[in-house]
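> Got a sequence here, can you model it:
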Amino acid sequence: MSMKIVELECDAGEEISNFPFFDLSDDLLCAINSNGDFQQINGSGEKILGFRPSELDQKSFLDGVHPEDRFSTREQLAQLSGDRREIAFENRYQCKNGDYKRLSWKAQWRGNEPLIWAIARELSPIPEQSRESLPPTEDYHAFFDLSLDLFCTLSFDGYFRSLNPAWEKTLGFTPEELRSQSFIEFVHPQDHESTLMEFVKLLQGCHTYSFENRYRCKNGDYRWLLWSACLGQEHQCIYAIGHDITERKYAEIEGDRAYEETRTFLNQLQVKLQSRSLAFNSAIYKLQNEIAERRETEKSLEKEREFLKALLNTVDAGIIAGDATGNVILFNRSIRDLYGLPDDSIPPEDWLNYYDLYQGDGTTPISPDQIPLQRALNGERVNKEEIVIAPKVGEPRIAVASGEPIFDEEDNQIGAVIVFHDITESKQKAKALQESAHEKTELIHSLQNQAQQLQQTLQELQRTQTQLIQSEKMSSLGQLVAGVAHEINNPVNFIYGNLAHVNDYLADLLKLLNLYQTHYPEPVEDIHEFQEDIDLDFLQSDLPKLLNSMKVGSERIRQIVLSLRNFSRLNEAERKAVDIHEGIDNTLLILHNRLREKSVNSGISVIKEYGQLPRIECYPAQLNQAIINILTNAIDALESLKGQECYAKKTPTLLIRTECLDNQCIAIHIQDNGPGMTQAVKEQIFNPFFTTKPVGKGTGLGLSIAYQIIAHKHSGELICHSEPGEGTEFVIQIPLKQP
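Predicted structure coming up:
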């Protein structure tokens, strides 16, 4: 709020600096400007309130006052605008830690300065010897414009000079709109005469302390205002403060109307009472009779209650009821037994000390608002809710709770009732039956699993029968290859390992020979002749080449041995990630003898078109077996053309191509330009013991075993494309990772 009654200027900082006791006093000394903000505060403010002076500078004074004390504080400060130049009051003021301290205030202002000077002292007891009298105050001018009341100054012609913001908040008019008209234009027409009379009194020098009238708002409504005003001779104006009492006036009007209505009603009631006095006397006689009858009825009801109580105690089910306020008003003996309560009478609020409640699982506690009786009292219908009651003494009990709220004839809830049935024994029997049924079910499942296992075993035996011959052959081949590789590997390692030493020894001998030739250039005749016989210069230059050739040959033998060992993979029966191209190359190395050119026929050309493949998760030995079976079948098909006319016109060729179909699968294409096969043959090539070769030339198991390895062992596919005279292509598709 901002209101200036007198437009003056003063140097507050200079005035404060001339006040010698400002920073020496133990009391809180401060100066408050016309906006209600702290202009200056001494160091004792931090001792009393906890705020540093810099934290209170430019902070509103009323913000720290307790909300309940703000109105009275405003009223006190407003008095400084009248004749009173000094005020004393008490209020509660907030400290930095949030607490409130009760302070005793003294404040002064002088008309020529827009500042309030105030002294505050804490009202808590202090030792007598530490108390000091307040420093003498000086006559300083001050003015508050923080009030929610309507502050204004009026010229003697009836026009507003200055207004505080409370006018616009209360009436809705802007200060410019209010200054544009005489104040009487805003007064209710019925209040014009009394208001003008009060205005004349003010001009005559009288003070107004309590005058009421109605002021028009911008929206057309009227607000009741309570005025205090005085004449300012020095400035030729009227100072006035208006307090909004609209709610109070409406309450008074409503109270007067209610009083009149009550008075009328009482008069009517008095007439009715007089007319009904005789009827009342007769009603008293009837009431006495009814009381007697009611006493007899209560005695009968008491007997019925005792009978009902005895009846409830004979019921096996637990029954508990509560009234609308949540108090337990009825329970039977079964409830006591079910909850494990003692025989002594204990109040229901102490029952929870004797047991714990859990949900049907027996482990999840039931919160107080989920107790069945409480749920029913909340208007919920409880239908066969299973709970577990665990008494402090005794075994847990399982109960089923059912109940509902109770309503009177006017549909008002007056209570609730819950019935508990102990199902502990039935649950135990049901559990035993369930366990027995579960055991029988497990036995049946076990028998079914055994039958299924026997069926699978029979099928496995049948598959094993088809694989036995080929497996034995591959096993023998693998063992033979591994044995040969091992036997070759030992001497080759011996030779390869010693070649480095021989190379070093020979280098030393040649160096020694060079030293002899350097220092003894003229050898004896026998040495000279021997040098010419052995051609020493050629021997020196050719011997390192000879050793290098031996090293290259040993490397080649070691690579062949490594390929044989990689193909056999006798120690790799488990699934692992391998390089497919390495396995194909090792297989081709094993079949090299059948692929190379012989005297009776030309060799088989092998074309490899390898794609970019990652390492594949598979069973390496078994996948090698499948690939060699397919390659062997292709070689047999190409050799079957030997001697035929078409065989001389084209070169027998094997095309091996690999590709990555997507991020989940790879494909291996093995294609030959052999005779191909008919559709009828193609439909049976994967059947065990089916072969198109002459008797004694094949078992008919190679492709069947390859199909089993790829389809069943590797979750892949083996696809055959073939036309008579167009050759045959087998496509192996397997996933990158096995499921």
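> quick one: the helix or strand hosting residue 118 to chain centroid distance?
Per DSSP states H and E: residue 118 is located in strand 116-122. Centroid separation for strand 116-122 versus its chain: 54 Å, with C-alpha atoms, centre = their mean, to the nearest Å.
> for it, packing partners?
Packing partners of strand 116-122 (3 or more C-beta pairs under 8 Å, 6 or more residues apart in numbering; DSSP states H and E): strand 28-32, strand 100-108. C-beta coordinates here come from the backbone N, C-alpha and C atoms, glycine included.
> any weak-confidence spans in the stretch 301-450 of the chain?
304-305, 307-316, 343-346 (pLDDT under 70).
> pLDDT wise, what is the nearest residue to residue 205 once chain neighbours are set aside at?
Residue nearest to residue 205 in three dimensions, not counting chain neighbours: residue 231, with 5.6 Å by C-beta to C-beta, 6 or more residues apart in numbering. pLDDT for residue 231: 80.
> what's residue 231 in contact with, if anything?
202-203, 205-207, 238-239 (C-beta atoms under 8 Å, 6 or more residues apart in numbering).
> Around the nearest residue to residue 97 once chain neighbours are set aside, count how many other residues there are.
Closest residue to residue 97 apart from its sequence neighbours, by C-beta to C-beta, 6+ apart: residue 50 at 6.0 Å. Applying other C-beta atoms under 10 Å, we find 15 other residues in the vicinity of residue 50.
> Could you measure from residue 61 over to residue 34?
Relative to residue 34, residue 61 is positioned 12 Å away (C-beta to C-beta, to the nearest Å).
> likewise residue 267?
In terms of C-beta to C-beta, residue 267 sits 58 Å off from residue 34.
> So between those two, which is more surrounded?
Each of residue 267 and residue 34 has its neighbours counted (other C-beta under 10 Å); residue 34 has more, 21 against 10.
> Using the three-state scheme, assign the residue lying closest to the more buried one once chain neighbours are set aside.
Excluding its sequence neighbours, the residue lying closest to residue 34 (C-beta to C-beta, 6+ apart) is residue 114, at 4.5 Å. Following DSSP: H, G, I helix; E, B strand; the rest coil, we place residue 114 in the coil state.
> So what's the residue count around residue 114?
25.
> Then residue 368?
8.
> Please enumerate the helices of the stretch 551-700 of the chain.
580-590, 592-595, 620-639, 645-649, 679-682 (DSSP state H, counting those that start in this stretch).
> repeat for the stretch 51-200 of the chain
53-56, 70-78, 166-171, 175-179, 192-203.
> most remote residue from the chain's center?
Distance from the centre of the chain peaks at residue 525, with 101.3 Å (C-alpha atoms, centre = their mean).
> Relative to residue 438, how far out is that one?
109 Å.
> what's near enough to touch residue 739?
Neighbours of residue 739 in contact, by C-beta under 8 Å, 6+ apart: residue 715.
> shouldn't residue 183 be in contact with residue 157?
No: Residue 183 lies out of contact with residue 157 (C-beta atoms under 8 Å); the separation is 10.1 Å.
> more neighbours, the two?
Between residue 183 and residue 157, residue 183 has the larger neighbour count (other C-beta under 10 Å), namely 19 against 6.
> That one: what's it in contact with?
154, 158-160.
> I only care about those residues that end up buried; give me the ChimeraX line for that.
This is the ChimeraX syntax for the buried subset of the contacts of residue 183, where burial follows 16 or more other C-beta atoms under 10 Å:
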select :154,160
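> From the contacts of residue 183, pick the one nearest residue 539.
Closest approach between the contacts of residue 183 and residue 539, by C-beta to C-beta: residue 160, at 133.1 Å.
> Against residue 229, how distant is the nearest residue in space to the closest one that is not next to it in sequence?
What sits nearest to residue 160 in space, not counting adjacent residues and going by C-beta to C-beta, 6+ apart, is residue 179, at 4.9 Å. Applying C-beta to C-beta, the value for residue 179 to residue 229 is 18 Å.
> So which of those two has more stuff around it?
residue 229 (22 against 16).
> That one reaches residue 240, doesn't it?
Yes: if you go by C-beta under 8 Å, residue 229 and residue 240 touch, sitting 3.9 Å apart.
> Mutual contacts of the two, please.
residue 208.
> Tally up the residues packed near the closest residue to residue 555 other than its chain neighbours, please.
Counting by C-beta to C-beta, 6+ apart, residue 555 lies nearest to residue 496, which is 7.4 Å off, once chain neighbours are set aside. Neighbour count for residue 496, taken as other C-beta under 10 Å: 17.
> Secondary structure of residue 496: a helix, I assume?
Yes: counting by three-state DSSP, residue 496 is found in a helix.
> from what I can see it touches residue 552, true?
No: the pair residue 496 / residue 552 is not scored as a contact, 10.6 Å apart, by C-beta under 8 Å.
> Please enumerate the strands of the stretch 301-450 of the chain.
Assigned by DSSP state E, counting those that start in this stretch, the strands in the stretch 301-450 of the chain fall at 318-323, 328-331, 355-359, 382-391, 397-407, 413-422.
> Columns mean neighbour count on top of these, output as a markdown table?
Shown next, in a markdown table, are the strands of the stretch 301-450 of the chain (neighbours: other C-beta atoms under 10 Å):
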| stretch | mean neighbour count |
| --- | --- |
| strand 318-323 | 20 |
| strand 328-331 | 16 |
| strand 355-359 | 16 |
| strand 382-391 | 16 |
| strand 397-407 | 19 |
| strand 413-422 | 19 |
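> Any chance of those strands in JSON lines with distance to residue 368 as columns?
Converted to JSON lines, those look like this (distance: least, C-beta to C-beta, whole Å):
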{"stretch": "strand 318-323", "distance to residue 368": "13"}
{"stretch": "strand 328-331", "distance to residue 368": "14"}
{"stretch": "strand 355-359", "distance to residue 368": "9"}
{"stretch": "strand 382-391", "distance to residue 368": "13"}
{"stretch": "strand 397-407", "distance to residue 368": "15"}
{"stretch": "strand 413-422", "distance to residue 368": "15"}
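> Out of those, flag the one nearest residue 580.
strand 355-359 (58.5 Å).
> Specify the angle between the closest one and strand 397-407 in degrees.
80 degrees (axes from the mean of the first three to the mean of the last three C-alpha atoms, to 10 degrees).
> Now do strand 355-359: which elements does it pack against?
Packed next to strand 355-359, using 3+ C-beta pairs under 8 Å, 6+ apart, are strand 382-391.
> Name the residues that touch the strand it packs on?
By C-beta under 8 Å, 6+ apart, strand 382-391 touches 338-340, 354-362, 366, 372, 375-376, 396-404, 418, 423.
> tell me the angle of it relative to strand 318-323?
110 degrees.
> got the CA positions of strand 382-391 in PDB?
Coordinates of the C-alpha atoms in strand 382-391 are reproduced here as PDB (Å, rounded to 0.1, in the frame of the first residue of the first chain):
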ATOM      1  CA  VAL A 382     -18.200 -58.300   3.400                       C
ATOM      2  CA  ASN A 383     -18.700 -61.600   1.600                       C
ATOM      3  CA  LYS A 384     -16.800 -64.700   2.800                       C
ATOM      4  CA  GLU A 385     -13.500 -63.000   3.300                       C
ATOM      5  CA  GLU A 386     -10.900 -65.400   4.600                       C
ATOM      6  CA  ILE A 387      -8.600 -64.200   7.400                       C
ATOM      7  CA  VAL A 388      -6.100 -65.800   9.700                       C
ATOM      8  CA  ILE A 389      -6.300 -65.000  13.500                       C
ATOM      9  CA  ALA A 390      -3.000 -65.600  15.300                       C
ATOM     10  CA  PRO A 391      -3.600 -65.400  19.100                       C
END
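> Neighbouring strands - and their directions - for that strand?
Sheet pairing of strand 382-391 (DSSP bridges) gives strand 355-359 (antiparallel), strand 397-407 (antiparallel).
> Format those strands as CSV; extra columns: distance to residue 641.
Shown next, in CSV, are the strands paired with strand 382-391 (distance: least, C-beta to C-beta, whole Å):
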stretch, distance to residue 641
strand 355-359, 81
strand 397-407, 85
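> Which one, of those, ends up nearest to residue 274?
strand 397-407 (41.6 Å).
> Report the inter-axis angle for the closest one versus strand 413-422.
Using the same axes, to 10 degrees: strand 397-407 against strand 413-422 is 160 degrees.
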